[in-house]
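Chemist: Can you look at this prediction? I've put the sequence above it.
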Amino acid sequence: MTQKRFTASLGNFVIAIALGLLLILLWQLRSLIVVLMIAVVIAATLAPIIRAAHKLGIPRWLSVLLVYLGLIATLTGVGLIIGPTVVEQIQRLIRKLPTYLETVRSLLDEMALRIAMGEPENASFISQFLDIQGVTGWAIRSSQELAIRSFDVTKGFIGGVLGSILALLLSGYMLSGSDKLLQDIVNLFPYPWNERLSAQVRPVSKRMGGYIQGRILVSAILAIAISIGLKFLGLSELALGLGVIAGFTNLIPFFGPVLGAIPALIVAIAQGSLSFFGVLLLFLIIQNIETYLLDPLLVGNSVKVPPLYQLLAVLGGAQVLGIIGALIVPPWVAGSSVLLENLYIKPKLLAEGKVEIDD
């Protein structure tokens, strides 16, 4: 009995040491793991296009090559068409931002004086409460910390640009040899888990890819709509740049739309209350269209993840990996939810004699 207990304790100790060493190894390879996570998201996003091309009789490797060349050509073309204008407008926005902020501060001070009805003590309190410079400084510091965390994730292994190229190459390799690669990974698990996991590859890929495809499409629509709306509201000299900023930040669920609206509202309030309320109304209308029409139509049906879990995924990803985490963790949560549903929840409901949930 003592010998058996000693053997069990020794086995647990060995397992604990092995897990500890594995965690240390994973921590040392964290930058490579992030690149692999990005590559999987890219592969899941492009998989439906590759699959459709392959069904037409095109060899898989050629389908991957054609899709990547088409993607690069599209991005290059869009960059050449609107890139110089967007860069010039964003640079202009950065140059004029101190002036805009000073105008906003002056307006807030004036509003504080009116609210205080001329009483100096109340005016001073309200002015401190609406300290635009303090809020701006906090926002800048928070943005810098978020950006530093984002780039610090990969700088120990590869640079940002090299990391993006490596992620694209890895995703291309995954797509070109996905069947054999996935089968080799699945075969590492014992029976019957190898067969169960093999059956979940397509649903997981579909949900992850559907999430990213939906967010990109929604963000592109919003960027175009906001650019056109801002142009008609009198912000034509910065409309395209502000629209691109809003579209890019909209890729981040929950917080992205708010972050994208702030630069446009700062510019608008500096041009007068009428412009400010017009821009505010524009963003409210577009946000409601996204929430009640575009997201349910283009994103919600493919994700099937409760909003609370999506929010936690964004917060956790941003906390650990910065902006990169806020972008790539939600699709991983969406994919993991497939495994949770099909390998645990549905078998549990069947075992309890309850009705199976439809896909």
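Modeler: Yes, it's here.

Chemist: any idea whether Pro253 is helix, strand or coil?
Modeler: coil (DSSP: H, G, I helix; E, B strand; the rest coil).

Chemist: can you start the count at 42 instead of 1 from here on
Modeler: Yes, from this point I'll number from 42; that puts the last item at Pro294.

Chemist: Run a quick neighbour tally on it.
Modeler: Per other Cβ atoms under 10 Å, the neighbour tally for Pro294 reads 20. For every residue, glycine as well, the C-beta is placed using N, CA and C.

Chemist: ok, now which ones touch it?
Modeler: Arg256, Gln351, Leu352, Val355, Pro371 (Cβ atoms under 8 Å, 6 or more residues apart in numbering).

Chemist: Touching, the first one and Val340? I think so.
Modeler: By that I understand Arg256. Yes. When contacts are counted by Cβ atoms under 8 Å, Arg256 is listed as touching Val340 (6.1 Å).

Chemist: For the stretch 242-391 of the chain, just list every one of the helices.
Modeler: Using DSSP state H, counting those that start in this stretch, the helices assigned to the stretch 242-391 of the chain run over residues 280-290, 297-311, 314-330, 342-344, 348-362, 364-381, 387-392.

Chemist: Pick the most deeply packed of these.
Modeler: helix 280-290 (a mean of 23; mean count of other Cβ atoms under 10 Å).

Chemist: export that helix as CSV, just CAs?
Modeler: C-alpha atoms of helix 280-290 as CSV (Å, rounded to 0.1, in the frame of the first residue of the first chain):
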residue,chain,number,x,y,z
ALA,A,280,-13.6,62.7,-44.3
LEU,A,281,-11.7,59.8,-45.9
GLY,A,282,-9.1,59.6,-43.2
LEU,A,283,-11.7,59.7,-40.4
GLY,A,284,-13.7,57.1,-42.2
VAL,A,285,-10.8,54.7,-42.5
ILE,A,286,-9.9,55.2,-38.8
ALA,A,287,-13.6,54.4,-37.9
GLY,A,288,-13.6,51.4,-40.1
PHE,A,289,-10.3,50.0,-38.7
THR,A,290,-11.3,50.5,-35.1
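
Chemist: If you count contacts, what does that helix end up packed against?
Modeler: helix 101-156, helix 234-273, helix 297-311 (3 or more Cβ pairs under 8 Å, 6 or more residues apart in numbering; DSSP states H and E).

Chemist: Report the angle between it and helix 364-381.
Modeler: Here helix 280-290 runs at an angle of 40 degrees relative to helix 364-381 (axes from the mean of the first three to the mean of the last three Cα atoms, to 10 degrees).

Chemist: Now helix 280-290: average pLDDT?
Modeler: Average pLDDT, helix 280-290: 89.

Chemist: ok, now stretch 365-383?
Modeler: Mean pLDDT, stretch 365-383: 80.

Chemist: what comes into contact with it?
Modeler: Here stretch 365-383 makes contact (Cβ under 8 Å, 6+ apart) with 75, 78-79, 81-82, 85, 191, 194, 240-241, 244-246, 248-249, 251-253, 292-294, 296, 343-346, 350-351, 354-355, 357-360, 362, 398.

Chemist: mind redoing it with 7 Å?
Modeler: Contacts to stretch 365-383, defined as Cβ atoms under 7 Å, 6 or more residues apart in numbering, come from residues 75, 78-79, 82, 191, 194, 241, 244-245, 248-249, 252-253, 292-294, 344-346, 350-351, 354-355, 357-359.

Chemist: circling back to that earlier point, least confident of the contacts of Pro294?
Modeler: The member of the contacts of Pro294 with the lowest pLDDT is Gln351, at 74.

Chemist: how close does it sit to Leu335?
Modeler: Note on Gln351: its distance to Leu335, by Cβ to Cβ, to the nearest Å, is 16 Å.
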